[in-house]
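K.L.:
I'd like to go over a predicted model; first the sequence, then the structure.
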Amino acid sequence: MTYRSKILAGVALAAGVAFSGSAFAQTKEVQMLHWWTSGGEAAALNVLKQDLAKEGYGWKDVPVAGGGGDAAMTALKAMVAAGNYPTASQMLGYTVLDYAAAGVMGDLTDTAKKEGWDKAVPAALQKFSVYNGKWVAAPVNVHSVNWLWINKSVMDKIEGKQPKNFDEFVTLLDQAKKAGVIPLALGGQSWQEATMFDSIVLSTGGPEFYKKAMNDLDEASLKSPTMKKAFDNLARLKPYVDANFSGRDWNLATAMVIKGDALVQVMGDWAKGEFVAAKKEPGKDFLCYRFPGTEGSVVYNSDMFGMFNVGADRKAAQVALATATLSKSFQSAFNVVKGSVPARTDVPDTDFDACGKKGIADLKAANEKGTLFGSLAQGYGAPPAVANAYKDVVTKFVHDQIKTSDQAVAELVRAINDAK
Ligand code: GAL
């Protein structure tokens, strides 16, 4: 069995019986499934709702809370299996390809041609938004996960300086601990822990190792001493987390940094959306640094709006949504609020803050240098079954259900082999 059929067993069957488009659906309405329920995320989504409202399209919201989208993807699977297709759903990388392979995605190729998406959207994204030559998804943004988000006044108070490698990071966390501040704001949910571990693997092993282990799933790399060292490094961070970290939502961890209750969060740049929503400014209230030892590489994910094969009566709304999503003005306005960077390479960085400008420049440089890699935790390293196996092992290690780095490595290899 392939990865795809493992995750989507049942969906392909339902595709055969699904009537595409319901007679009851509102033609001038977009139904969108997503997991953007935090303050920053909701503010960003509002930009899109407003753009569509200007064109006379209503918005039927299907929010499913839970960062990283695990719960949303369970809800989507049930909807699609019942033949109840949303106009579009937020999706990450390999999930788009799964649904495309199941035969339930629509075809936006005409719109893409008219709007020149082929030229504007980088190849790293087209790999996931185009299936068998057809555009099946509209990329909204590019996020990257290898960032630190630091409270500036706490940093000043402890006289910290930017950590350039993993050891310096641990030293900085230690300084915060001695000053009585929670050093590391972590949300103890598997997707957050794995998102942080993506950065640790890159920092520990370097760009080539990251690619081999986390994108190529090369077994020798997965079971190497370098991977063991990455787990050792993850273990070194555990003493710097507060006692209440288990189960905490990511945006609450960000709020700890915003308020100065904690020094730093390791998180994708959707965290910046929370700082923006709280009216905080980079350089003044907070600092954004690349995760120590990962400068020069970008571990990315991109939110895509997967477009379902809706009936003719809903197609105009879907085309309006896709067109709005990839318009240059929306790509700037939305991503300024979201914390991400544009999914088009021809959007000026004028309206972005210092972190956004750095994000845009880093993405361009990494793309040119070949150091742009898919995030395994965020659906761009490998198909969902493998990503889920990875998240499971990382979280068990963080929560002491797997005791040693050696065991973690052995479990990782076993779980990924089972998932393949
Ligand atoms: C990611 C998604 C981001 C952000 C984050 C937290 O998977 O790509 O847009 O929303 O989850 O919810």
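P.N.:
The structure has been received and is ready for your questions. Numbering: from 1, shown residues only.
K.L.:
give me the beta-bridge partners of the residue of the stretch 101-250 of the chain found nearest the ligand?
P.N.:
Of the stretch 101-250 of the chain, the residue with the smallest distance to the ligand, taken as C-beta to the nearest ligand atom, is residue 143 at 5.2 Å. From N, CA and C alone the C-beta is placed, and that goes for glycine too. Residues in a beta bridge with residue 143, per DSSP bridges, are residue 301.
K.L.:
quick check: chain neighbours aside, which residue is closest to the residue of the stretch 201-350 of the chain found nearest the ligand?
P.N.:
Ranked by C-beta to the nearest ligand atom, the top residue of the stretch 201-350 of the chain for proximity to the ligand is residue 270, at 3.8 Å. Leaving aside its chain neighbours, residue 270 sits nearest to residue 339 (5.1 Å; criterion: C-beta to C-beta, 6 or more residues apart in numbering).
K.L.:
likewise residue 238?
P.N.:
residue 398 is the one closest to residue 238 (C-beta to C-beta, 6+ apart), at 7.0 Å.
K.L.:
ramachandran angles for that neighbour?
P.N.:
The phi and psi values for residue 398, taken as degrees, to the nearest 10, are phi -60, psi -40.
K.L.:
need the contact list for it.
P.N.:
188, 193, 234, 238 (C-beta atoms under 8 Å, 6 or more residues apart in numbering).
K.L.:
just residue 365 next, same as before
P.N.:
By C-beta under 8 Å, 6+ apart, the contact list for residue 365 reads 296, 371.
K.L.:
and if we set it to 10 Å?
P.N.:
296-298, 371-372 (C-beta atoms under 10 Å, 6 or more residues apart in numbering).
K.L.:
quick one: name the residues of the stretch 301-420 of the chain near the ligand.
P.N.:
The stretch 301-420 of the chain comes close to the ligand at residues 301, 303, 378, as judged by C-beta under 6 Å from any ligand atom.
K.L.:
you'd agree the last one is in a helix?
P.N.:
No: counting by DSSP: H, G, I helix; E, B strand; the rest coil, residue 378 is not found in a helix; it is coil.
K.L.:
now do the contacts for it.
P.N.:
For residue 378, the contacting residues are 68-69, 92-93, 143-145, 191, 194-195, 198, 268, 299-303, 387, by C-beta under 10 Å, 6+ apart.
K.L.:
what does the pLDDT read for the closest residue in space to residue 395 that isn't next to it in sequence?
P.N.:
Nearest residue to residue 395, sequence neighbours excluded (C-beta to C-beta, 6+ apart): residue 190, at 3.6 Å. pLDDT recorded at residue 190 is 98.
K.L.:
list the contacts of residue 190.
P.N.:
Listed by C-beta under 10 Å, 6+ apart, the contact set of residue 190 reads 68, 70, 377, 388, 390-396, 398-399.
K.L.:
coming back round to it: check whether the residue of the stretch 201-350 of the chain closest to the ligand really touches residue 45, as I assumed.
P.N.:
No: if you go by C-beta atoms under 10 Å, residue 270 and residue 45 don't touch, sitting 12.0 Å apart.
K.L.:
which one's more surrounded, these two?
P.N.:
Set residue 270 next to residue 45 and count neighbours by other C-beta atoms under 10 Å: residue 270 wins out with 25 against 22.
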